[in-house]
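**Q** What follows is a predicted protein model with its sequence.
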Amino acid sequence: MTDNPQSSAGPRHIAIVMDGNGRWASQRGRPRTAGHHAGAKSVRAVVEHAVELNVEVLTLFAFSSENWQRPPTEVQVLMDLFLRTIRRELAELRKNGVRLKFIGNRDNLSGNLRSSMAQAEELTAGNSRLELVVAVDYGGRWDIFNAARRLALDCAEGRLDVQQLTEADYASRLSLASHPAPDLFIRTGSEKRVSNFLLWDLAYSELYFTDVLWPDFDAACLQAAVEWYAGRNRRFGRVHASG
Ligand code: IPE
Ligand code: IPE
Ligand code: MG
């Protein structure tokens, strides 16, 4: 994972907490699940605009490790929606040169969903215009714990010497190890919290919060966030951005 010192160059990696679907639906007197369906349309608009902006990586938080605590019917609708969205959007993603990657714990997902995810990753593996990372059953603590467990195993089985461990040994075992760190974090839907998203990776991300609910978030909203980002002075602990 590397940090990008230049905000004026535009974000290489944007990470988004897509929040506010339920409230969007409630405001219209509709069930929460109608908000999730509407939210799926925003994904398409944002992916297309990210391609136009030459963003390298777009990471979307679709389902957190805590979201299993929602009513089973809502969880089911979300899982069905993920499956249908992957199937529906795959051709368009391939056409636009988008590479898909999923992060998170796949163990509790249905076999159908798991195989669609694997197939989508395989069919888009050769694409390089934009990498679209979708976090499903993802938690930042899960990611950190997994990396720590793998590191412990490598030490216990003699592949690494605990005395020689570096931060890089640990970071290389995280889900987004081979990606630039998110330059710009966006959360829609008013809340100002990270909700167990990319805890390690967000260390130096610029944090952008908007009241816009996810189903209303479009290319213009993404453009506004990117323009806000261009005005940031990223110091990474130094006195001046340049060093
Ligand atoms: C985000 O919208 C979607 C998921 C978490 C899966 P919410 O469903 O959290 O919508 P609000 O926050 O209740 O409005
Ligand atoms: C964060 O939204 C998770 C996703 C967008 C997938 P939540 O709606 O689950 O977050 P909290 O519960 O408000 O913190
Ligand atoms: Mg929410």
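**A** Perfect, thanks for sending it. Ligands and ions are numbered 1, 2, ... in the order given.

**Q** quick one: the residue in the chain that ligand 1 sits nearest to and R32, what's the gap?
**A** The chain approaches ligand 1 most closely through G22 (2.9 Å), counting by CB to the nearest ligand atom. Yep, even glycine has a C-beta here, placed from its N, CA and C like the rest. For G22, the distance to R32 (CB to CB, to the nearest Å) stands at 4 Å.

**Q** Any residues of the protein in contact with ligand 1? List them.
**A** 18-23, 63, 67, 78, 189 (CB under 6 Å from any ligand atom).

**Q** Just the ones in strands from those, please.
**A** Counting by DSSP state E, the residues of the chain next to ligand 1 place F63 in strands.

**Q** Closest one to R159 out of the residues of the chain next to ligand 1, please.
**A** Comparing those against R159 with CB to CB places F63 closest, at 32.8 Å.

**Q** got a list of what that closest one touches?
**A** Counting by CB atoms under 8 Å, 6 or more residues apart in numbering, F63 touches 78, 82, 104, 135-138.

**Q** count of residues packed around R99?
**A** R99 has 20 neighbours, counted by other CB atoms under 10 Å.

**Q** next one: I14
**A** I14: 26 surrounding residues under other CB under 10 Å.

**Q** Surely it and D183 touch.
**A** Yes: with contact defined as CB atoms under 8 Å, I14 counts as touching D183 (7.1 Å).

**Q** Leaving out sequence neighbours, find the closest residue to R23.
**A** L213 (5.8 Å; CB to CB, 6 or more residues apart in numbering).

**Q** Confirm for me that the one you found is in contact with C221.
**A** No: look at L213 against C221 with CB under 8 Å: they stay out of range, at 10.4 Å.

**Q** Compare the two (neighbour count), which wins?
**A** Higher neighbour count among L213 and C221: L213, with 23 against 19, using other CB under 10 Å.

**Q** Identify the residues contacting the more buried one.
**A** By CB under 8 Å, 6+ apart, the residues touching L213 are 19-21, 23-24, 27, 35, 188-189.

**Q** which parts of stretch 202-222 are buried?
**A** 202, 205-206, 208-210, 212-217, 221-222 (16 or more other CB atoms under 10 Å).

**Q** Next, format the residues you listed as TSV and append distance to ligand 2.
**A** Conversion of those to TSV gives the following (distance: CB to the nearest ligand atom, whole Å):
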residue	distance to ligand 2
L202	14
S205	16
E206	19
Y208	15
F209	12
T210	14
V212	14
L213	11
W214	8
P215	13
D216	15
F217	12
C221	16
L222	16
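
**Q** Can you tell me which of the contacts of F63 end up in helices?
**A** Secondary structure defined by DSSP state H assigns 78, 82 of those to helices.

**Q** Out of the contacts of F63, which are close to ligand 2?
**A** Among those, no residue lies close to ligand 2 (CB under 6 Å from any ligand atom).
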